[in-house]
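Trainee: coordinates only, no sequence provided:
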């Protein structure tokens, strides 16, 4: 039976040891140090971090250590609930276990230890790290673990444990209770409830994870251990309902994304925003990096629209002609405050709604540009005739 609080306390004690193990191992492997430096450069270039390399590396190592632990916990859960043909890491120390779907005379714990011995006999130069990676690779073919163990997504693939750290992790799962002789951490659960997996590290997670970058949704491998925690709740996350009462799975995208967030709108380089309630038309150009709530609606032009297009539309929206139209369309909300009965009519507040703005008449820019060009040409010709006449008069 699972005891989440005791399990969490013991894992929190183990985690710093694994972090130190990964750090020491990475310092002895030039390729790992180069990998970290390259990933740090990418994070800086994409504006994903402003931290010093040492602080950034510490966070990556913590994510990797947590990934090793959580992946091991997942395997143990499958073992103790007889969802695997035979144990890989540990199991009950008492009674007969199972092997290839049949009862075995050995306990599950002894079977796991024997499997490790057989592996070392076949690979005498390998260590516990190699055994764990071999186990994860074998289990990656299972549909339930394919996403969790995906090489591109799981941080443990990028930052491995050393032999000592891997042995400490295996030993952790094989600990026995000195008083009863039973396996200390039993993961059996008749309900197969995996929510405890997400609860293990919830106290270490930030209040909000924002899985987006300037190019849109971030790939899972850049979310580290957070994506592993969310993976445990993926079924509930897929069933979230959003716009049109569609689930997240029906809407498309990834289960870890926000249900009602549209990256293309948020990360648009240029937007026009305006005050929802104001006395006059106040339209301004935003050049990115800001978030507006419902009191400041946003106008987003097509991706091909230039800055000139935005400025042209903003000039029209801020014109006195536009304000005259808006006074006929938008609802007045009074002048507000003390002494409002003595205020001028222009001080009345109005509610500038996004729905109402959709009917604002915008002239065809191509026609307007053509007419403007014709008027400009006429103006140039008129100025030319005046100048010619002036010169003729001066010459005479």
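Mentor: Yes, it's here. Everything numeric in this text was worked out from a predicted model, so none of it was measured.
Trainee: would you mind giving the domain segments of this structure?
Mentor: What automatic domain parsing lists as the domains of the chain is 4-193, 268-367.
Trainee: mean neighbour count and distance to residue 247 added to the ones you listed, as TSV?
Mentor: C-beta: built from backbone N, CA, C; applies to glycine. TSV is the format used below for the domains of the chain (neighbours: other Cβ atoms under 10 Å; distance: least, Cβ to Cβ, whole Å):
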stretch	mean neighbour count	distance to residue 247
domain 4-193	16	18
domain 268-367	13	25
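Trainee: would you single out the least confident of these?
Mentor: By mean pLDDT, the lowest-scoring of the domains of the chain turns out to be domain 268-367, with a mean of 82.
Trainee: and the closest residue to residue 127 other than its chain neighbours, what does it touch?
Mentor: Excluding its sequence neighbours, the residue lying closest to residue 127 (Cβ to Cβ, 6 or more residues apart in numbering) is residue 163, at 3.6 Å. By Cβ atoms under 8 Å, 6 or more residues apart in numbering, residue 163 lies in contact with 127-129.
Trainee: could you list which of the residues you listed belong to helices?
Mentor: Judged by DSSP state H, the contacts of residue 163 include 128-129 as members of helices.
Trainee: could the contacts of residue 163 go into TSV alongside distance to residue 65?
Mentor: Listed next are the contacts of residue 163 as TSV, based on distance: Cβ to Cβ, whole Å:
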residue	distance to residue 65
127	17
128	15
129	13
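Trainee: look up phi and psi at the nearest residue to residue 319 once chain neighbours are set aside.
Mentor: Excluding its sequence neighbours, the residue lying closest to residue 319 (Cβ to Cβ, 6+ apart) is residue 281, at 8.0 Å. Torsion angles at residue 281 (phi, psi; degrees, to the nearest 10) stand at phi -80, psi 110.
Trainee: and residue 281, how far from residue 328?
Mentor: Applying Cβ to Cβ, to the nearest Å, the value for residue 281 to residue 328 is 13 Å.
Trainee: next one: residue 183
Mentor: Separation of residue 183 from residue 328 (Cβ to Cβ) stands at 78 Å.
Trainee: now do residue 141
Mentor: 67 Å.
Trainee: same thing with residue 6?
Mentor: Using Cβ to Cβ, residue 6 is found at 70 Å from residue 328.
Trainee: repeat for residue 319
Mentor: Computed as Cβ to Cβ, the residue 319 to residue 328 distance reads 15 Å.
Trainee: tell me where the stretch 51-200 of the chain has helices.
Mentor: 53-80, 108-122, 128-139, 143-146, 163-173, 195-199 (DSSP state H, counting those that start in this stretch).
Trainee: and what of the stretch 201-350 of the chain?
Mentor: 224-231, 234-238, 248-251, 263-266, 307-317, 320-329.
Trainee: need those in TSV (columns: distance to residue 189).
Mentor: Output for the helices of the stretch 201-350 of the chain, formatted as TSV (distance: least, Cβ to Cβ, whole Å):
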stretch	distance to residue 189
helix 224-231	18
helix 234-238	16
helix 248-251	26
helix 263-266	38
helix 307-317	57
helix 320-329	61
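Trainee: out of these, which comes closest to residue 18?
Mentor: helix 224-231 (12.4 Å; Cβ to Cβ).
Trainee: average pLDDT across the closest one?
Mentor: What helix 224-231 shows for mean pLDDT is 66.
Trainee: how about JSON lines for the domains of the chain, with distance to residue 237 added?
Mentor: Formatted as JSON lines, these follow (distance: least, Cβ to Cβ, whole Å):
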{"stretch": "domain 4-193", "distance to residue 237": "13"}
{"stretch": "domain 268-367", "distance to residue 237": "23"}
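Trainee: which of those sits closest to residue 240?
Mentor: That would be domain 4-193 among these, by Cβ to Cβ, at 18.1 Å.
Trainee: quick one: terminal-to-terminal distance for that closest one?
Mentor: Its start and end residues considered, domain 4-193 measures 12 Å (Cα to Cα, to the nearest Å).
Trainee: identify the residues contacting residue 299.
Mentor: Contacts for residue 299 (Cβ under 8 Å, 6+ apart) come out as 271-274, 283, 313, 357.
Trainee: that one and residue 316, how far apart?
Mentor: According to Cβ to Cβ, residue 299 stands 12 Å off from residue 316.
Trainee: just residue 290 next, same as before
Mentor: Per Cβ to Cβ, residue 290 is found 23 Å from residue 316.
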